[in-house]
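Colleague: pasted the sequence and its predicted model underneath.
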Amino acid sequence: MTRSMNDKLITLTGRLLVAAILFFVLLPTIVVFISAFSSTSVLFFPPKGWSLRWFERAVSYDDFRHGFWSGLIVTAWASSLAVLVGASLAIAIERYSFPCKQVLEGILLSPLFIPHFTIGLGLLMLVSQLNLGRGYPLVIFCHVVLVLPFVLRSVYVSLKNLEQRIELAAASLGASPLRVVLTITVPLILPGLFGGWLFAAILSFNEFTASLFITTQATQTLPVAMYNYVREFADPTLAALSVIYITVTATLLIIANKFLGLGKVLNVDARH
């Protein structure tokens, strides 16, 4: 009986500890959510009154609207290119042997531990030395580099869940390696491809530290526009925009998880 009570006490303590950690992590988000509905012109917590006018300003402010459309352009190109390049490289690394294979994989995954501002600053110095423009191609290239590891991981896991004997059977019947990939491998790993694209799109749209160095007024993304705004104003507009940001992102992830099972796509037990 005593042992049973101790087990229940340990379980209860563990749950309370997890709840406390979650509350601590979510506390800034809760503060932002509440502050977004403030009626005052200065960001204040707790609000002295309630209003929705900051949400109207968030969606009508010109720099935010321009940053939103610029971010969509960069995100669409970067995530699509990252899936195309990442899937090709992941299949090659996972299915074939060639010289410097591990070196290539390490280089592709390096943005996971290299600070993003370092990559952005390095690209800025490079284009300055080469006298190249800081247009959309540069921003898209930077974002592809940053999101590529997440696409690789997603495709790796899908390849691990794929029964390789199906590919071998197709090859034994005379299909070329390219035909096997296009007609067998790619259709069977579509959930992983879409999962990689979705995470790449979310990460690209939210990327700030590298984008701050390489964007201009004409190509600035929404996070950069938000940074420039907060340098001049201290009203709850950014809080309102953050609420929209968080809500849309969470909704997309919930929908994708429901229909695609992203937990399986990004299985942490996979070797990669």
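Modeller: That came through fine. Since this is a predicted model, take the numbers as computed values, not measurements.
Colleague: all helices of the chain, in order?
Modeller: Secondary structure of the chain (DSSP state H): helices located at 2-35, 53-60, 62-95, 101-109, 116-129, 136-161, 164-172, 177-180, 186-188, 190-206, 211-214, 222-230, 237-260, 262-265.
Colleague: residues of the second one that come out buried?
Modeller: Neighbour-count burial for helix 53-60, with 16 or more other CB atoms under 10 Å as criterion, is recorded at 54, 55, 57, 58. Any C-beta I mention is one placed from the backbone N, CA and C, and that applies to glycine too.
Colleague: now it, how far from the chain's geometric center?
Modeller: Centroid separation for helix 53-60 versus its chain: 25 Å, with CA atoms, centre = their mean, to the nearest Å.
Colleague: which residues touch it?
Modeller: Outside helix 53-60, the residues within contact range by CB atoms under 8 Å, 6 or more residues apart in numbering are 36-39, 64-65, 235-241, 243-244.
Colleague: if we can go back for a sec, for the helices of the chain, which one sits closest to residue 45?
Modeller: Among the helices of the chain, helix 2-35 comes nearest to residue 45, with 5.1 Å by CB to CB.
Colleague: check which residues of the closest one are buried.
Modeller: For helix 2-35, burial by neighbour count (16+ other CB under 10 Å) applies to 32, 33, 34, 35.
Colleague: circling back to that earlier point, could you identify the most distant pair in the buried residues of helix 53-60?
Modeller: 55 and 57 (7.4 Å).
Colleague: any idea how far the residue most central in space within the chain is from residue 250?
Modeller: Centroid-nearest residue in the chain, with CA atoms, centre = their mean: residue 203, separated by 2.3 Å. According to CB to CB, to the nearest Å, residue 203 and residue 250 sit 15 Å apart.
Colleague: on that earlier part again, the nearest residue to the residue nearest to the centre of the chain once chain neighbours are set aside: how many residues sit nearby?
Modeller: In space, residue 203 comes closest to residue 147 once its chain neighbours are excluded; the distance is 5.0 Å by CB to CB, 6 or more residues apart in numbering. For residue 147, the tally of surrounding residues (other CB atoms under 10 Å) stands at 27.
Colleague: quick one: pLDDT of residue 147?
Modeller: Residue 147 carries a pLDDT value of 91.
Colleague: and it, what does it touch?
Modeller: Contacts for residue 147 (CB under 8 Å, 6+ apart) come out as 78, 79, 82, 199, 200, 203, 204.
Colleague: between those, which is closest to residue 184?
Modeller: Closest approach between the contacts of residue 147 and residue 184, by CB to CB: residue 82, at 22.7 Å.
Colleague: quick one: the closest one and residue 148 touch, right?
Modeller: Yes - contact criterion CB atoms under 8 Å: residue 82 and residue 148 qualify, at 5.2 Å.
Colleague: now do the shared contacts for these two.
Modeller: Here residue 82 and residue 148 have residue 200 as joint contacts, going by CB under 8 Å, 6+ apart.
Colleague: looking at the two, which is more packed in?
Modeller: residue 82 (28 against 25).
Colleague: with residue 47 as the reference, measure out to the more buried one.
Modeller: 40 Å.
Colleague: thinking again about what came up before, can I get the helices of the chain in a markdown table with distance to residue 43?
Modeller: Below are the helices of the chain laid out as a markdown table (distance: least, CB to CB, whole Å):
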| stretch | distance to residue 43 |
| --- | --- |
| helix 2-35 | 6 |
| helix 53-60 | 10 |
| helix 62-95 | 17 |
| helix 101-109 | 39 |
| helix 116-129 | 26 |
| helix 136-161 | 30 |
| helix 164-172 | 55 |
| helix 177-180 | 57 |
| helix 186-188 | 49 |
| helix 190-206 | 21 |
| helix 211-214 | 22 |
| helix 222-230 | 10 |
| helix 237-260 | 7 |
| helix 262-265 | 34 |
